[in-house]
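> Provide a 3D model corresponding to the input given below.
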Amino acid sequence: MLYSCGNSDKQNTKTQATKPEVSENGKDIKFTDAANLSFIKTEKITSSSLQSEMTFPARVAATSVASQEGAGRNLILFENPDLTANYMSLIQHLTNINQIQNVSIKQRKIELDRAKDLAANGAATGREVLEAETALAMETTNLNNERASLIEHETKLKLAGFDPKALLDAPAGKIWVICEIPESMLQSVQKGSTCTVQFSSFANEKFTGSIDAIGDVVNSSTRMVKLRLTLKNTSAKMKAGMFATVAFDHAVTNALSVPKQSLVTVQGKTYVFIKIGEMQFERREVIIASLVNDRAIVISGVNQENEVVTQGAMQLKGLSFGY
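Residues are numbered from 1 along each chain as shown. Alright, predicted model coming up:
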């Protein structure tokens, strides 16, 4: 009888399932028993060429509106208040540079020439000439400082995807839309080509925009490049900060894709699970450009040769998010 009870306890211990270890707020899932992995299948992510309408998230970054005060330039309303400050500072520095170059420095040169002429004729002292030279040097220094500050604000605007000169010359009724694409897809777009833009606020309407510029910098973390698009906003319907999607109809080369069943969505975000060890998986947030047949083109979140879960993603979702 004692033997029988002891044997039963051992049998229960063997049949009891070992729970996976979930850490990093559900991001990492580690199995300790290979028998529990029978429901999971994976495949390596590869790049391929696909014909697709590529869709990318975007936003209205700025709008141009007519000034009600009769100012020489139209107003640029930015989504980001820091950029508004940069733009206003840029205008102020341009005004200061114009003032120093065309008024202050010219005046100081006239004063220096007069002091030198008077000194040559004994009507002024060397000290007065030195003071005039110092005044001119100070204005030159002020000019250089203003130019340096101007470059700083120009750089910040460019990094945000804007051309400072285009902003200064922009007519009223123009908007700028910013989106990002992976560097591997740069060959699929070119400056001047058209695209379709849909705004969350006007879901049933489609607008035609054009690629105004392609960014000069690749984000070192995401490997994404900014595109600046321009659209007409004659009815003033679109506002800075609005969300949009931008679609390009192109043959996509070197596109990373995963099976649609690899995707899980939680609270508006999309995830996949990547195998990072023999019995360990990691949740990754991804951005999907479009769906082509049974594949989803991924533009951010995974790399080529990552091993993605193709079956069992829903079970991992339950472990990861506690469902």
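> Can you give me the neighbour number for the nearest residue to residue 269 once chain neighbours are set aside?
Nearest residue to residue 269, sequence neighbours excluded (CB to CB, 6 or more residues apart in numbering): residue 285, at 5.7 Å. (Each C-beta comes from the backbone N, C-alpha and C, glycine too.) Residue 285 has 13 neighbours, counted by other CB atoms under 10 Å.
> do the same with residue 173
By other CB under 10 Å, 16 other residues sit near residue 173.
> That one reaches residue 233, doesn't it?
Yes. Under the criterion of CB atoms under 8 Å, residue 173 makes contact with residue 233 at 5.3 Å.
> Residue 184 belongs to a helix?
Yes. The assignment for residue 184 (DSSP: H, G, I helix; E, B strand; the rest coil) places it in a helix.
> and the gap between it and residue 194?
22 Å (CB to CB, to the nearest Å).
> In terms of packing, which of the two has more residues around it?
residue 184 (17 against 12).
> quick one: contacts for the more buried one?
By CB atoms under 8 Å, 6 or more residues apart in numbering, residue 184 lies in contact with 47, 223, 253, 254, 255, 256.
> what two of those residues are the furthest from one another?
223 and 253 (15.7 Å; CB to CB).
> Find me the pLDDT at residue 116, would you?
Residue 116 carries a pLDDT value of 93.
> In which helix or strand does it reside?
Here residue 116, judged by DSSP states H and E, is contained in helix 105-120.
> which other helices and strands contact that helix?
Under the contact definition 3 or more CB pairs under 8 Å, 6 or more residues apart in numbering; DSSP states H and E, helix 105-120 sits against helix 126-159.
> Leaving out sequence neighbours, find the closest residue to residue 264.
Going by CB to CB, 6+ apart, residue 264 has residue 317 as its nearest residue, at 4.3 Å.
> swap in residue 227?
residue 179 (5.3 Å).
> So the one you found is in contact with residue 224, correct?
No. Contact criterion CB under 8 Å: residue 179 and residue 224 do not qualify, at 9.5 Å.
> does residue 88 sit in a helix, a strand or a coil?
helix.
> Tell me which residues are up against the one helix or strand residue 284 maps to.
If you go by DSSP H and E, residue 284 is part of strand 280-292. Contact with strand 280-292 is made by 26-31, 40, 50-57, 255, 257-258, 260, 263, 269-276, 296-302, 309, 316, 320, as judged by CB under 8 Å, 6+ apart.
> ok, how many other residues are close to residue 160?
There are 20 residues near residue 160, going by other CB under 10 Å.
> ok, now the one 3 residues further on?
By the other CB under 10 Å criterion, the neighbourhood of residue 163 contains 16 residues.
> repeat for residue 245
The tally of other residues near residue 245 (other CB under 10 Å) stands at 14.
> which residues does it contact?
Applying CB under 8 Å, 6+ apart, the residues contacting residue 245 are 55, 56, 57, 58, 197, 198.
> Separate out the buried members of these.
55, 56, 58, 197, 198 (16 or more other CB atoms under 10 Å).
> Would you mind measuring from the last one to residue 177?
If I follow you right, that is residue 198. In this view, residue 198 and residue 177 are 11 Å apart by CB to CB.
> hmm, back to that, tell me which of residue 179 and residue 224 has more neighbours.
residue 179 (25 against 20).
> Please tell me the pLDDT value assigned to that one.
pLDDT at residue 179 comes out at 92.
> remind me which residues of the stretch 201-323 of the chain are low pLDDT?
Applying pLDDT under 70 to the stretch 201-323 of the chain flags the ranges 249-253.
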